[in-house]
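Novice: I'll drop the sequence and a predicted model, then ask my questions.
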Amino acid sequence: MKNFFSTIIYSAANEDPSSELAALKLTPNDTVLTITGSGARALDLLIANPKKVISIDMNDKQNFLLSLKCSAYKNLSYPEFQQFLGITTYDDRLSIYQKLRSDLNERAKNYWDQEADKIKSGILYCGVWETYLLKLSCLTRFRTKVVKQLFDAETIEQQKTIFDKKWNGFFWKQFIKLLNVRWIWKVLLKEPGIDLIDSNLHIGRYLHERLAHVISHQKAKNNPFLNLIIFGKYTEDCLPLHLQERHFSMIKERLDILEIVTMPIDSYLNRNKNAIDAFSISDFSSYANQTQYQSIWRSIMFAAKDSARICERFFLVNYFPENIDGVNIVRDKTLENKLFHEDHSFIYSFNCATIKHLHS
């Protein structure tokens, strides 16, 4: 697992920020902590204009990526920003990088100076996860007509009919079976969290059910995450919130409230008692065994203010933090079910909770 986290794993947005914003209900007085990952969550949280966003990751490469994205917001116009990240085509991203590197610390400069290929290709799609998606998107070339029909459908009813009658055929069903072969995840995809997944869970069937759900309830062409996993990239008119032009100037102006920290999350939390109003912690459970998971949750309790809000995602690995000794939370099952139903990144379930300290 150590080698897995020694490079950029995530570079685009694989989560729907609307869910975090709905669950956390941030105010201008709030300090919110998030795991950096691709940096998308931290940038999306700036839209809510809290007092402070702390973006933490033990993988320094993920933080180098966020730092470079922040420099792009700070120094570029929106068209230049699109060109540099890779949203639109451009032939000389290295020249743009030269405008940005002076804002980076020495370690980030040294890293990006040696990663010219990532910059040339567009840093939005330079992660391991995004590379996998781009390779998988090649499979859609064999079904170009069906994919086009699916994304051009005028109504959800038409979309569902296309999916049921044309997509969900022999080859798709074979692909679903392959997704349940765990050595593919472990050996080919080098996914360290695969050993944490319940052996009774059929991974392929779960992902099929979630895809069928979103196709039955949301327009495919309006879902950024669906565009990413099918085509390996976003379209210019279907972008995550922080990449949309309407939020660009707002995020640019709020970068000073963003603090980027490189260390394990529990180490940071254990130094900051009763300091955090809200937590956006993604699906850290995907890479934490029971002992690690419980330890991090106790650290969350230590650092949380009373009535702090939390939005936690689960992907294939499901824990129950309310059953951990020392953890006292009130989960909002109604909101969790709503987000499970509506979230664009449809593979996740949720823990939306309020933290309660028991005072003597």
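Specialist: Structure received.
Novice: now do the SS call for the residue lying closest to residue 163 once chain neighbours are set aside.
Specialist: Leaving aside its chain neighbours, residue 163 sits nearest to residue 215 (4.6 Å; criterion: Cβ to Cβ, 6 or more residues apart in numbering). To be clear about C-beta, it is placed using only N, CA and C from the backbone, and glycine gets the same treatment. Classification of residue 215 using DSSP: H, G, I helix; E, B strand; the rest coil returns helix.
Novice: OK, contacts around residue 215?
Specialist: Contacts of residue 215 were listed using Cβ atoms under 8 Å, 6 or more residues apart in numbering, and they are 150, 159, 160, 163.
Novice: might you list the low-confidence residue ranges for the stretch 101-250 of the chain?
Specialist: For the stretch 101-250 of the chain, the stretches with pLDDT under 70 are 141.
Novice: the contacts of residue 215 into TSV, with extra columns for secondary structure, neighbour count and distance to residue 136?
Specialist: As requested, the contacts of residue 215 are exported to TSV (DSSP: H, G, I helix; E, B strand; the rest coil; neighbours: other Cβ atoms under 10 Å; distance: Cβ to Cβ, whole Å):
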residue	secondary structure	neighbour count	distance to residue 136
150	helix	22	16
159	helix	24	21
160	helix	16	23
163	helix	21	18
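Novice: ok, those residues vs residue 79, which is closest?
Specialist: residue 150 (30.1 Å; Cβ to Cβ).
Novice: quick check: closest non-adjacent residue to the closest one.
Specialist: Nearest one to residue 150, counting by Cβ to Cβ, 6+ apart, is residue 162 at 5.1 Å.
Novice: if I look at that neighbour, how far off is residue 296?
Specialist: Going from residue 162 to residue 296 by Cβ to Cβ, to the nearest Å gives 43 Å.
Novice: now do residue 20
Specialist: From residue 20 over to residue 296 the distance is 18 Å, taken as Cβ to Cβ.
Novice: which of those two has more neighbours?
Specialist: With neighbours defined as other Cβ atoms under 10 Å, residue 20 and residue 296 compare such that residue 20 has more, 28 against 20.
Novice: and the more buried one, how close does it get to residue 135?
Specialist: Applying Cβ to Cβ, the value for residue 20 to residue 135 is 29 Å.
Novice: is it true that residue 45 touches residue 53?
Specialist: Yes: assessed by Cβ atoms under 8 Å, residue 45 is found in contact with residue 53 at 5.0 Å.
Novice: and for those two, which residues touch both?
Specialist: Taking Cβ under 8 Å, 6+ apart as the criterion, residue 45 and residue 53 both touch 32, 34.
Novice: against which helices or strands is the helix or strand harbouring residue 132 packed?
Specialist: Residue 132 belongs to helix 128-137 when elements are defined using DSSP states H and E. With contacts taken as 3 or more Cβ pairs under 8 Å, 6 or more residues apart in numbering; DSSP states H and E, helix 128-137 sits against helix 224-231.
Novice: how far off centre is the helix it packs on?
Specialist: Centroid separation for helix 224-231 versus its chain: 13 Å, with Cα atoms, centre = their mean, to the nearest Å.
Novice: which elements pack onto the following helix or strand past that helix?
Specialist: Downstream of helix 224-231, the next assigned helix or strand under DSSP H and E is helix 245-253. Under the contact definition 3+ Cβ pairs under 8 Å, 6+ apart, helix 245-253 sits against helix 40-46, helix 60-75, helix 78-85.
Novice: nearest to residue 131, out of the ones you listed?
Specialist: Relative to residue 131, the nearest member of these by Cβ to Cβ is helix 60-75, separated by 14.1 Å.
Novice: since that was my last question, I'll sign off now.
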